[in-house]
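1. quick one, what's the 3D model for this:
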Amino acid sequence: MSLVLYTNPASSNAMKVRFLLAELGLEYERKHVPIGRPRPDWYVEIYPFGTIPFMRDGDLELGESNAMLRYLAGREGRTDLYPAEPAERARVDWALDAWSTQLRGPFFPAERIALMRTPIDEGGSRAEDADQAELAEAIEAVKPRLDLMERFIASNGTVLGTFTTEDRATWCSDSDGWSAELRRSKNGRHWFLAVFEAGVYRGRYDSTGWHVATDRKRIRHLRSYQLPLVA
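-> Next up, the predicted model:
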């Protein structure tokens, strides 16, 4: 198989590449890389930076998830996802890089508290078992970044007005059946972190704390809009 993705379920960077591969309908081989550091010698030998993901496509070797998004969209000629026109493409590049360098980092403390008290390769932790005061503090620290994120959201719910590679770039984390997705409320006014177990909605974190689900609707029935970046 031409495409090989070195990945881990807990890596949001790898996840966005998997989402785009699915969007493009491309088959690929998945190779598991442990999330813990130091990374295995066999992985560092083929990819000295040791970050996740890493991709091979025939003779091409490629690191950095945003580079993979750009490459895959271009490989398939999907100018609707990654525009050919320089100005439009530059806006996509700007949004991709801004997410990675300006917005993504502040979410890690909340994810670690909510889902990673147990090592993620061992299944992760239950969100309701997290230290709620510690989590609330971490969520509070994220709020200014959420305000910045609003500037990237168009009125139709995408990042730049049309669905692009950036709209596959901003999911949170996924670990052995547990997943967390950053979402926006149905009226578009509030952000929250939706937590699922094996596709079952378990509850959400928002600015007021943890709220356990009163029912267990499947994802497809959850009455909220996914974050426009993954619409």
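2. measure stretch 76-89 end to end?
-> Stretch 76-89 has its terminal residues 16 Å apart, counting by Cα to Cα, to the nearest Å.
3. now it: buried residues?
-> Going by neighbour count (16 or more other Cβ atoms under 10 Å), the buried part of stretch 76-89 is Arg78, Leu81, Tyr82, Pro83, Glu88, Arg89. C-betas here are computed from N, CA, C, even on glycine.
4. out of those, which sit inside helices?
-> In helices, defined here by DSSP state H, the members of those are Glu88, Arg89.
5. so which two of the buried residues of stretch 76-89 are the farthest from each other?
-> Greatest spacing in the buried residues of stretch 76-89, by Cβ to Cβ: Arg78 and Glu88 (13.2 Å).
6. in this protein, which spans are strands?
-> Under the criterion DSSP state E, strands of the chain are mapped to 3-7, 29-32, 54-57, 60-63, 173-175, 178-184, 191-197, 200-206, 209-212, 225-226.
7. the second one pairs with which strands, and in what direction?
-> Looking at strand 29-32 with DSSP bridges, its partner strands are strand 3-7 (parallel).
8. how about the CA coordinates for the partner strand, as CSV?
-> Coordinates of each C-alpha in strand 3-7 appear next as CSV, following Å, rounded to 0.1, in the frame of the first residue of the first chain:
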residue,chain,number,x,y,z
LEU,A,3,0.2,5.5,1.9
VAL,A,4,1.5,4.7,5.4
LEU,A,5,0.6,6.8,8.4
TYR,A,6,2.5,6.5,11.7
THR,A,7,-0.1,7.5,14.2
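9. residue contacts, Asp93?
-> The contact partners of Asp93, taken as Cβ atoms under 8 Å, 6 or more residues apart in numbering, are Arg70.
10. er, Arg89 I mean
-> By Cβ under 8 Å, 6+ apart, the contact set of Arg89 is Tyr82, Pro83.
11. kindly recompute the last result at 6 Å.
-> Taking Cβ atoms under 6 Å, 6 or more residues apart in numbering as the criterion, Arg89 is in contact with Pro83.
12. so what pLDDT did it get?
-> Model confidence at Arg89, given as pLDDT, is 90.
13. swap in Trp178?
-> The model reports Trp178 with a pLDDT of 60.
14. what about Ala90, neighbour count?
-> By other Cβ atoms under 10 Å, 11 other residues sit near Ala90.
15. an error on my part: the question was meant for Glu45.
-> 9.
16. ok, it to Ser65 distance?
-> 21 Å (Cβ to Cβ, to the nearest Å).
17. just Gly58 next, same as before
-> The spacing between Gly58 and Ser65, counted by Cβ to Cβ, is 19 Å.
18. so the two - more neighbours on which side?
-> More crowded of Gly58 and Ser65, by other Cβ under 10 Å: Ser65, with 26 against 8.
19. thought the more buried one was touching Arg18?
-> No. Contact criterion Cβ atoms under 6 Å: Ser65 and Arg18 do not qualify, at 9.9 Å.
20. one step back: least reliable of the strands of the chain going by mean pLDDT?
-> The bottom spot among these, by mean pLDDT, belongs to strand 225-226, with a mean of 31.
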